[in-house]
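Trainee: quick one, structure for this:
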Amino acid sequence: MVRKCLKPMEELKNRYLKVFLSRTQVTVEALIAVIREKEVALRSCYAETIEFTSDEFVRIILVDAVFIIEVLLRFYDLNCREDNDRIFSKPYMLQDVWPDMRMLENQLPFFILDHLFEPHKDTLCGGKSIIDLSHHFFKTLMHIEVSEETLRTIDPHEVVHFVDFVRKLYPLPPWRSENRWLLETLATPSMTQLSRAGVKFEVGSNTNMFQVKFKHGTLVMPKLTISDQTEVTITNLLAFEQSQCKDEEKYINDYFVFLNCLVNTHQDVALLVKSGILDNKLGDNKKGFTLIKNLVDGVVDNKDYFYFINLCDDLNKYYTMGRHQLKEYLVTHFLYSPWATKEIIAAVIFLFLTLIQTMFSIMSYSHDLKS
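Mentor: Numbers count the residues shown, from 1 in each chain. Okay, here's the model as predicted:
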């Protein structure tokens, strides 16, 4: 028996299934046959043993898969929505549904979505693929920019599930094998320290978040958007990398470890926002700081395969150079200290008055010599 709190959602899923059957003009038996043919492959995608009978398992996959397809379709094309659609009409239930679509434990194998959707894509949405619909959905709700080139590289047969799909929206860089050595610690100066040492910050034009460069005293980073939805997305991406990716492929893990090194206070977040590198839709730098720190809680610092190891080394070398250390010291201890500022002003006034007094003394001495 369906629990009372889940009954409305089950009713909604069954409603979406009926609409999908009507759109495609296929029978439920035909869809069941498609899923049953893939049952062994579907069960093998789950780590734990699934105790449902074959009929129960196939029915669950069918209802959930069609529900997801309908959500993607209605999000993409407003004409596909029904009057009083319970997901997209008020009250706005999409915010209750789409976080579950990013949770690692709630994932459906992506290939079954493709198998159910692909034969009917011309009828449903003018030939758009399940990749196109998924891209539009996650790009819009996650506020990320994805190049057409990146989208073309995503093969639906190589996508594990939605978490893996979102990870693929960030084009992964090639593995760097050169200059691999162990740093004493995975650390860099913070944004504030780098700024006071004379480092400039620029937002990169590249949509690839991994294209972080430091050259001629300028740190260039592509724009990153954070919002109240970021933590769920990134936390599940990190969990996916930790559980299913090789050490040398944990790029998102490495990116947020690096970002965490740059951010020690909310003032560092303010510098990221000011430079355009960070689009903080949380609206508060302290909240942004807390979010970044929460994201890296529990991540693994693997210095053997850390992608940004050369970048960290370059920043550390620049910062520890004598003249940059001196500049950072002067800026920190004088320009940012109100008492030091007053002392500097007083010293300047004292020197100015001393200079005037000296000039008058010289002029008086010269006058006495002439006399």
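Trainee: gap between residue 207 and residue 321?
Mentor: The gap separating residue 207 from residue 321 is 32 Å, by CB to CB, to the nearest Å. Where you see a C-beta, it was placed from the backbone N, CA and C, and this is true even at glycine.
Trainee: what does residue 168 give?
Mentor: On the measure of CB to CB, residue 168 and residue 321 end up 39 Å apart.
Trainee: strands of this structure, start to end?
Mentor: 200-204, 213-215, 218-222, 224-226, 278-280 (DSSP state E).
Trainee: quick one: closest of those strands to residue 92.
Mentor: strand 224-226 (20.9 Å; CB to CB).
Trainee: can you tell me the closest non-neighbouring residue to the spatially most central residue of the chain?
Mentor: Central residue of the chain (CA atoms, centre = their mean): residue 234, 5.9 Å from the mean position. Among residues not flanking residue 234 along the chain, residue 295 sits closest, at 5.2 Å (CB to CB, 6 or more residues apart in numbering).
Trainee: contacting residues for the one you found?
Mentor: 230, 231, 234, 235, 238, 256, 260 (CB atoms under 8 Å, 6 or more residues apart in numbering).
Trainee: per-residue confidence for it?
Mentor: Looking at residue 295, its pLDDT reads 90.
Trainee: ditto for the one 3 residues further on
Mentor: Reading off the per-residue confidence, residue 298 sits at a pLDDT of 72.
Trainee: distance of it relative to residue 132?
Mentor: 34 Å.
Trainee: more neighbours: which of these two?
Mentor: When neighbours are counted by other CB atoms under 10 Å, residue 298 and residue 132 differ, and residue 132 comes out ahead with 15 against 10.
Trainee: the bottom helix or strand of the chain by mean pLDDT?
Mentor: Ranked by mean pLDDT, DSSP states H and E, the weakest helix or strand in the chain is helix 322-330, scoring a mean of 48.
Trainee: just checking, residue 151 touches residue 131?
Mentor: Yes - assessed by CB atoms under 8 Å, residue 151 is found in contact with residue 131 at 7.1 Å.
Trainee: and the two? Which one has more around it.
Mentor: residue 131 (20 against 15).
Trainee: contacting residues around that one?
Mentor: Residues 151, 154, 156, 159, 165 are the ones in contact with residue 131 under the rule CB under 8 Å, 6+ apart.
Trainee: 10 Å - rerun?
Mentor: 110, 113, 114, 117, 151, 152, 154, 155, 156, 159, 165, 168 (CB atoms under 10 Å, 6 or more residues apart in numbering).
Trainee: for it, give me the pLDDT.
Mentor: Reported pLDDT at residue 131 in the predicted model: 96.
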